[in-house]
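Novice: Compute the structure for the input listed below.
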Amino acid sequence: MSFLNDFILLLKARYPLIYIVTAEEERIEYLLKFSTKKYLARTCYSWDFIDGYKGNPNDTGFAARNPLEALDLPDKLTPETGAIFILKDYDNFLKDLSVVRKLKNLSKVLKTQPKNIIIISSELSIPDSLKELITIVEFPLPSYQEIYDELTRLVKSLQQPVTETTINNLTVACQGLSMERIRRVLSKIIAQYGEISDSSTPLILEEKKQIIQKTQLLEFCLADKKLSDLGGLNNFKNWLKIRSNAFSLSALEYGLPYPKGLLMVGVQGTGKSLAAKIIAYEWNLPLLRLDFGRLFASLVGQSESRIRKMITIAEALSPCILWVDEIDKAFANSQNTGDNGTTNRVLATFITWLSEKTSPVFVVATANNIDWIPPEVIRKGRFDEIFFLGLPNLEERKAIFKVHLSKVRPEKVGKYEIELLGKITKNFSGAEIEIEAMRIAFSENREFTTADMLNVSQRFVPLAETKSKEINYLMTWAESGKVTLASEPS
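Specialist: Numbers count the residues shown, from 1 in each chain. Model prediction:
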């Protein structure tokens, strides 16, 4: 059921005190006035602390700077008069005993009258004494259709030729922003480019980045890696290509559900984090990184509140990629902490959301240690696929060398003995195959050669040898058939 249908139902059912959580004061006030007039034929009164009541000539300025007096207006109207009373930022006065008492008295009276008090605030703050009397309603951010209509209206006013595809793409990019922010960023686009086009998307993403930074719960990451930057992992690449249009409108109309996400388990340095950035780049979606450590706070109940807020932000900014880096460490900490179950409750909320979410938030979780992840996380339904990223085989090592060399010496790739380099770096991870030889050659004021790279590789001790027990265990687990291999068998 939509917000408007819910709200009208509450008014008809004579819920006396309604608390709407939103930062979009102008948008919600317009919708409340429009809906009550159209569907219920009630008068709408609006109050704020500075100006008092306004909009109705007989009561303009009444109860200015007097929150308690603002509650007198419902008593002044006859019992048969239908009305709603919008009180802005009224949560700031809910700790006043006289205000609390007056609201309790009013709630008894308004149950029998076609009147409702609507408190509007950007934050939820209700004293325990009023929790049973107040009904909380969250006002959602603009829907796809609302944003589309606003963009269409603006394009018409500019009298510029803009394709339907461009409007659809910008509508998707604007999802997660308030209508006020959308209007501001569109004004910025017009001021900078003089028109609205596909090139406007970066400014919209920058606006989303600012929202993320203010929350301090998520990190907005730059998705600057593409498939050509990844050597090997062909099974993963094929999986990704098949779902390249998974979040498009055509996929939704076809009947395809949104993909849920991936769990990528494997040896350190094999490209798990790189894969998260590649998914965001290839699907042209914003990349949000979650560090579970940021969710935990010292105050009771604050950690649980933060995980819910994180989920709300991610869903508001959807479609997007949510990258949960090293999720195994979060579950490991849950077994060793003495925080009265806070960590377990936070993780339980996250796991439940993974399986039940319907929003287009694609979760990419990475892990190094499979033993730390509970079985209920790995089971079917949480993620679309679980990929194992092992040490690269010979062909993949050659491909990784080609990727590195193509970046630093694109014209001379063929001059290096890539076959030999691939063989000499057996048991190296992708991150360990670096061109350290460049530093040595540069310090000697000459061009680096295959011999330089061979010398560096022979002196280097890979992680597979320093932590052979752990890596062998991982490889054995991967061969058990419980996980999909990101690479083709060598």
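
Novice: so where's the stretch 201-350 of the chain shaky on pLDDT?
Specialist: Applying pLDDT under 70 to the stretch 201-350 of the chain flags residues 297-301, 333-340.

Novice: where along it do the strands fall?
Specialist: Counting by DSSP state E, counting those that start in this stretch, the stretch 201-350 of the chain has strands at residues 218-221, 261-266, 287-290, 320-324.

Novice: out of those strands, nearest to Y254?
Specialist: Nearest to Y254, of all the strands of the stretch 201-350 of the chain, is strand 261-266, at 20.3 Å by C-beta to C-beta. Glycine gets a C-beta too; all of them are placed from N, C-alpha and C.

Novice: distance between that closest one and the chain's centre?
Specialist: Relative to the chain's own centre, strand 261-266 is displaced by 18 Å; criterion: C-alpha atoms, centre = their mean, to the nearest Å.

Novice: Kindly format the C-alpha coordinates of it as PDB.
Specialist: Below are the C-alpha coordinates for strand 261-266, written out as PDB (Å, rounded to 0.1, in the frame of the first residue of the first chain):
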ATOM      1  CA  GLY A 261      24.200 -10.300  -4.600                       C
ATOM      2  CA  LEU A 262      27.400 -12.200  -4.500                       C
ATOM      3  CA  LEU A 263      29.600 -13.700  -1.800                       C
ATOM      4  CA  MET A 264      33.200 -13.900  -2.900                       C
ATOM      5  CA  VAL A 265      35.400 -16.100  -0.800                       C
ATOM      6  CA  GLY A 266      39.100 -16.800  -1.400                       C
END
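
Novice: Break the chain down into its structural domains.
Specialist: 3-138, 144-215, 227-389, 394-459 (automatic domain parsing).

Novice: Those domains: which one's closest to K469?
Specialist: domain 227-389 (12.5 Å).

Novice: end-to-end on the closest one?
Specialist: 16 Å (C-alpha to C-alpha, to the nearest Å).

Novice: do stretch 159-178 as well
Specialist: Termini of stretch 159-178 sit 25 Å apart (C-alpha to C-alpha).

Novice: Identify each buried residue in it, please.
Specialist: By neighbour count on 16 or more other C-beta atoms under 10 Å, the buried set for stretch 159-178 is 162, 166-167, 169-178.

Novice: right, and out of those residues, which lies closest to T81?
Specialist: Taking the buried residues of stretch 159-178 together and measuring to T81 by C-beta to C-beta, the closest member is S178, at 33.4 Å.

Novice: Quick check: the closest one touching P140?
Specialist: No: with contact defined as C-beta atoms under 8 Å, S178 does not count as touching P140 (10.5 Å).

Novice: Make JSON lines out of the strands of the stretch 201-350 of the chain and add mean neighbour count and distance to L10.
Specialist: Output for the strands of the stretch 201-350 of the chain, formatted as JSON lines (neighbours: other C-beta atoms under 10 Å; distance: least, C-beta to C-beta, whole Å):
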{"stretch": "strand 218-221", "mean neighbour count": "19", "distance to L10": "32"}
{"stretch": "strand 261-266", "mean neighbour count": "25", "distance to L10": "35"}
{"stretch": "strand 287-290", "mean neighbour count": "22", "distance to L10": "33"}
{"stretch": "strand 320-324", "mean neighbour count": "25", "distance to L10": "31"}
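
Novice: now those as TSV including distance to G231?
Specialist: Below are the strands of the stretch 201-350 of the chain laid out as TSV (distance: least, C-beta to C-beta, whole Å):
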stretch	distance to G231
strand 218-221	21
strand 261-266	15
strand 287-290	21
strand 320-324	21
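
Novice: quick one on the thing from earlier: in helices only, show me the buried residues of stretch 159-178.
Specialist: Within the buried residues of stretch 159-178, residues falling in helices by DSSP state H are 166-167, 169-174.

Novice: Looking at the domains of the chain, which is nearest to V483?
Specialist: domain 227-389 (4.5 Å).

Novice: The residue nearest to the spatial centre of the chain: what's it in contact with?
Specialist: For the chain, A314 is the residue whose C-alpha lies nearest the centre (C-alpha atoms, centre = their mean; 2.1 Å). Each residue near A314 by C-beta atoms under 8 Å, 6 or more residues apart in numbering is listed here: 218, 288, 320, 322, 359, 361.

Novice: what's the most distant pair in those residues?
Specialist: L218 and S359 (15.0 Å).

Novice: follow-up on the earlier one: ok, so of the contacts of A314, who is nearest M475?
Specialist: Looking across these and measuring by C-beta to C-beta, the closest to M475 is L322, at 28.5 Å.

Novice: partners of that closest one in the sheet?
Specialist: L288, V363 (DSSP bridges).

Novice: shouldn't it be in contact with V363?
Specialist: Yes: with contact defined as C-beta under 8 Å, L322 reaches V363; the gap is 4.9 Å.

Novice: Mind listing the shared neighbours of these two?
Specialist: Shared contacts of L322 and V363, defined by C-beta under 8 Å, 6+ apart, are found at G261.

Novice: The stretch 1-150 of the chain: strands as residue ranges?
Specialist: Under DSSP E, counting those that start in this stretch, the stretch 1-150 of the chain gives strands at 17-21, 43-48, 52-54, 83-88, 115-121, 134-138.

Novice: Would you map the helices across the stretch 51-200 of the chain?
Specialist: 67-70, 73-76, 97-110, 144-158, 164-174, 179-193 (DSSP state H, counting those that start in this stretch).

Novice: and of those, who's closest to N427?
Specialist: For N427, the closest of these is helix 164-174, at 43.5 Å, according to C-beta to C-beta.

Novice: elements contacting that closest one?
Specialist: Here helix 164-174 touches helix 144-158, helix 201-215, going by 3 or more C-beta pairs under 8 Å, 6 or more residues apart in numbering; DSSP states H and E.

Novice: Now render those as TSV, adding mean neighbour count and distance to T476.
Specialist: Below are those laid out as TSV (neighbours: other C-beta under 10 Å; distance: least, C-beta to C-beta, whole Å):
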stretch	mean neighbour count	distance to T476
helix 144-158	15	47
helix 201-215	16	40
